[in-house]
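S.K.: Predicted model and sequence below, questions to follow.
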Amino acid sequence: MASHFRIRRFVLQVSATLFILICSTCSCLQFNYPSFDAATNKDDFSFSPGSGIANGALQITPNTGDMRHRSGRVLYARERLKLWNSKRTALTSFWTEFALNILPQNGTGEGMAFILTSNPALPINSSGQWLGVVNNQSGGAAANRIVAVEFDTRKSSGDDPDGNHVGLDINGVRTVSPYPLSNLSIVLASGLDTGVRIQYDGKLLSIVAVQEDRYFAYAWPVDLSRYLTEDIAVGFAASTGEFTELHQIKAWNFSVTMDGESKQVNNEILNLVLAILIPLVIAGAILAFYMWRRLTRKRRLAYHNLEKMIDAHGPVKFKFRELRTATANFSSARKLGRGGFGTVYLGYLKRMAGMEVAVKRVSTNSNTNTSRRGEQEFVSEVNTISKLSHRNLVKLIGWCHEKGELLLVYEYFPMGSLDKLLYADAAGAPAPQTELTWERRYRIVCGVAAALDYLHHGSSKRILHRDIKASNVMLDADYNARLGDFGLARVVQSDGATHHSTQAVAGTRGYMAYECFFTGRASLDTDVYAFGVFVMEVFSGRRPSTSVSYREEQDVDSDEPSTLRGAGAAHGRPMYIVDWTWRLYGEGRALRVADAALNGDFDPDQVECAVRLALACCHPNPRERPSMRTVVQVLIGGAAPPEPPFHKPAFVWPPHGVHQEMELPHVGLLFTGGNTHTSFCSMTSTSLTGR
């Protein structure tokens with residue numbers, strides 16, 4: 001590694017020596033002004049009366065007072081341009097770049113020009129159509145010794161094609177081959193900055209102009225030696241007439257390329273240096289490539305392994321640069337939301353006619369375990385959801401794994417996720433009463449149930465979602481639910497099993513069944529439990545983990561506004577959504593579960609059915625929970641609602657008297673007598689939490 005840095009240092013030293021030798025053989029006119037300052041740059045230029053520096057720019061014509069019928073010139077004063085090389089064997093080549101800005105004041109007129117002249121003084125009476133180049137008596141005379149590239153903003157004579165063109169002027173303002181710009185949507189007198197590059201190679205004078213995303217290019221064959229003398233002043237001229245405008249140069253860069261004699265000397269030096277430099281560069285490149293291969297081997301192997309894990313016949317594989325462009329470089333203004341494993345951005349895909357998509361940027365970091373887990377979630381989501389097809393599932397369009405980035409591309413839903421509507425008032429947004437009617441909430445629940453039934457019983461492989469919650473449910477324009485975020489999803493049918501074992505508890509606080517913490521397994525039953533909590537959440541408008549005191553719960557019968565959306569309990573033992581719903585159901589007040597925001601506008605029979613179904617799904621004993629197929633039948637009226645007990649049963653593990661010693665030091669448990677069963681008689685639904 002040390003030898004690699006020594007080679008690199010030697011290469012840089014040789015390159016620096018080469019640059020010094022080349023530059024020492026010629027004297028070149030060269031300057032660069034990114035902007036202009038009156039205090040420090042005033043002596044670098046010669047100004048005609050009324051011209052100057054203001055607002056960080058060269059003001060070619062006056063920018064104050066009476067600006068009508070005025071002309072001006074600003075020329076570089078430190079050094080002149082030599083037209084020939086020292087042996088007069090070749091014309092000097094040069095290039096210049098500048099940013100011009102023409103700002104109308106009371107109309108447009110007349111324009112400005114970049115000039116090369118042997119007579120730097122401003123001609124008298126050169127305002128109006130004369131552009132500060134010549135006047136009405138000297139126009140066209142060979143003694144003028146001036147060549148100009150004009151930027152005309154007003155049609156002042158019959159020779160002008162229009163009032164918005166560029167052209168080449170020789171000893172006058174009669175334009176050689178003018179080129180109109182209006183057909184290119186470039187307007188010189190628009191107040192917009194226009195970037196200009198002018199280049200001369202001894203034979204052709206070429207120009208390129210760029211304004212925003214529009215550009216123009218043209219070239220004129222010209223021999224400057226026919227019109228100019230040895231020493232040339234370079235700069236700008238401009239004029240106004242009855243209509244006025246500001247003629248500004250905001251930046252200016254000028255450089256002369258080497259003449260023929262300098263090139264010959266430098267070619268000899270260059271050949272000598274390259275004979276030494278090229279072998280060293282090749283050796284350094286080989287060494288650098290070897291070190292790069294060695295240092296990135298693990299990351300490249302991990303990349304190829306991940307690529308092999310993804311089904312090649314799945315969704316579209318995108319390039320990273322395509323998704324970066326689609327999301328405006330992952331702009332914060334395009335951010336739609338952030339989840340447990342990444343941030344989602346709004347994007348527009350050019351290859352799909354500007355189609356709107358949601359781009360999920362999966363979180364990765366230097367922590368090996370976290371990074372590996374993010375990759376596992378990524379592969380799981382791509383391989384799982386790409387094979388699914390159901391009207392209530394979010395469609396995966398494509399994916400990208402490049403430059404250490406993991407990205408997923410989904411169809412986009414402008415209405416966003418359900419939680420944003422469900423808790424809009426809590427976030428300070430307008431209350432959702434008029435949007436989330438009872439009928440829409442019931443349709444949403446039915447849609448999620450249908451999606452889970454498909455995952456459990458309808459797809460070719462049995463899928464556990466493992467993260468059912470309001471923020472993972474998207475809504476289309478008709479309030480139809482689309483279940484998404486399959487980062488935690490797992491296939492469980494490949495070996496005939498109905499569960500999935502995990503090394504760490506996965507899920508979201510408030511939605512996780514008790515048994516997950518004992519078995520380390522997700523199952524069809526744990527998905528059903530999460531769905532039950534989701535049903536209570538949608539119909540009550542309460543977050544699963546938001547607690548309410550017993551006193552607040554008693555206030556439900558009062559005529560005061562509901563306090564059930566509060567942050568927590570003020571007095572008494574806190575109850576969470578499952579305990580709260582079960583208490584209301586046991587006291588014969590199941591209708592009180594319906595969100596107060598509905599103002600009583602709901603179907604009482606459907607509320608009663610939904611409460612019973614949700615409680616049955618959240619039964620502490622997983623064997624008592626209905627399947628998602630049964631849930632769908634109940635929701636559509638094809639089966640009678642279940643009859644859960646009026647009092648929430650205690651959680652006992654293992655169920656049905658299977659004796660098993662278990663060590664549970666991290667939760668408060670009650671052990672019944674000499675029984676080996678573990679009882680959760682005094683625990684609430686969310687005392688155990690996941691991610």
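M.R.: Received it, and whenever you're ready, just let me know what you need. The structure presented is a predicted model; accordingly, all values stated were derived computationally and were not measured.
S.K.: tell me which residues in the one helix or strand residue 581 maps to are buried?
M.R.: Using DSSP states H and E, residue 581 sits in helix 577-586. Within helix 577-586, the residues that count as buried by 16 or more other Cβ atoms under 10 Å are 577-585. Using the backbone N, CA and C atoms, a C-beta is placed for each residue, glycine as well.
S.K.: Stretch 384-391 too?
M.R.: Applying 16+ other Cβ under 10 Å to stretch 384-391 flags 384-388, 390 as buried.
S.K.: For that stretch, give the mean pLDDT please.
M.R.: Averaged across stretch 384-391, the pLDDT comes to 80.
S.K.: Quickly run through the sheet partners of the helix or strand containing residue 346, with directions.
M.R.: Secondary structure from DSSP H and E places residue 346 in strand 342-349. With DSSP bridges as the test, strand 342-349 is paired with strand 335-339 (antiparallel), strand 355-362 (antiparallel).
S.K.: Out of the ones you listed, which one sits most buried?
M.R.: Mean neighbours per residue, mean count of other Cβ atoms under 10 Å, is largest over the strands paired with strand 342-349 for strand 355-362, with a mean of 21.
S.K.: Pull the distance from that strand to the chain's centre.
M.R.: Centroid separation for strand 355-362 versus its chain: 10 Å, with Cα atoms, centre = their mean, to the nearest Å.
S.K.: got the residue ranges for the strands in the stretch 501-650 of the chain?
M.R.: Ranges of strands in the stretch 501-650 of the chain, per DSSP state E, counting those that start in this stretch, are 521-523.
S.K.: Low-confidence ranges, it, go.
M.R.: For the stretch 501-650 of the chain, the stretches with pLDDT under 70 are 501-507, 546-574.
S.K.: measure the residue nearest the centre of the chain to residue 320 for me?
M.R.: Nearest to the mean C-alpha position of the chain, by Cα atoms, centre = their mean, lies residue 330 at 1.8 Å. Going from residue 330 to residue 320 by Cβ to Cβ, to the nearest Å gives 11 Å.
S.K.: ok, back up a step: please name whichever of the strands paired with strand 342-349 is nearest to residue 410.
M.R.: strand 355-362 (4.6 Å; Cβ to Cβ).
S.K.: Just the mean pLDDT for the strand holding residue 346, thanks.
M.R.: Across strand 342-349, the average pLDDT comes to 90.
S.K.: what comes up buried for it?
M.R.: Neighbour-count burial for strand 342-349 [16+ other Cβ under 10 Å]: 342-349.
S.K.: Among those residues, which one sits closest to residue 95?
M.R.: Of all those, residue 95 sits closest to residue 348, with 37.5 Å by Cβ to Cβ.
S.K.: one step back: help me confirm that the residue nearest to the centre of the chain is found in a helix?
M.R.: No - judged by DSSP: H, G, I helix; E, B strand; the rest coil, residue 330 forms no part of a helix; its state is coil.
S.K.: and the closest residue to it other than its chain neighbours, what does it touch?
M.R.: Leaving aside its chain neighbours, residue 330 sits nearest to residue 345 (5.6 Å; criterion: Cβ to Cβ, 6 or more residues apart in numbering). Contacts for residue 345 (Cβ atoms under 8 Å, 6 or more residues apart in numbering) come out as 327, 330-331, 334-336, 358-359, 361.
S.K.: go with 6 Å
M.R.: 327, 330, 334-335, 359 (Cβ atoms under 6 Å, 6 or more residues apart in numbering).
S.K.: what do you get for residue 122?
M.R.: 48, 73.
S.K.: And the pLDDT at it?
M.R.: 96.
S.K.: Just the helices from the stretch 451-600 of the chain, written as ranges.
M.R.: Ranges of helices in the stretch 451-600 of the chain, per DSSP state H, counting those that start in this stretch, are 516-519, 524-540, 550-554, 577-586.
S.K.: most neighbours per residue, which of the ones you listed?
M.R.: Most buried among these, given mean count of other Cβ under 10 Å as the contact rule, is helix 524-540, at a mean of 26.
S.K.: Any regions of the stretch 201-350 of the chain where pLDDT drops low?
M.R.: In the stretch 201-350 of the chain (pLDDT under 70), the answer is 258-269, 292-293, 296-314, 339-341.
S.K.: all strands of it, in order?
M.R.: 204-211, 214-221, 231-239, 245-256, 316-317, 335-339, 342-349.
S.K.: closest one to residue 294 among the ones you listed?
M.R.: Comparing the strands of the stretch 201-350 of the chain under Cβ to Cβ, the one sitting nearest is strand 316-317, at 28.2 Å.
S.K.: so what's residue 115 up against?
M.R.: Counted by Cβ under 6 Å, 6+ apart, residue 115 has contacts 146, 148, 237.
S.K.: hang on, the earlier thing: switch the buried residues of strand 342-349 over to JSON lines; also include distance to residue 627.
M.R.: Below are the buried residues of strand 342-349 laid out as JSON lines (distance: Cβ to Cβ, whole Å):
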{"residue": "342", "distance to residue 627": "32"}
{"residue": "343", "distance to residue 627": "35"}
{"residue": "344", "distance to residue 627": "32"}
{"residue": "345", "distance to residue 627": "37"}
{"residue": "346", "distance to residue 627": "37"}
{"residue": "347", "distance to residue 627": "38"}
{"residue": "348", "distance to residue 627": "42"}
{"residue": "349", "distance to residue 627": "39"}
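S.K.: Could you chop this protein up by domain?
M.R.: 2-23+265-295, 27-257, 298-412, 415-649 (automatic domain parsing).
S.K.: what about the longest one, how long is it end to end?
M.R.: Its first and final residues considered, domain 415-649 spans 39 Å by Cα to Cα, to the nearest Å.
S.K.: what distance separates it from the centre of its chain?
M.R.: Counting by Cα atoms, centre = their mean, domain 415-649 comes out at 34 Å from the chain centroid.
S.K.: Much appreciated, bye for now.
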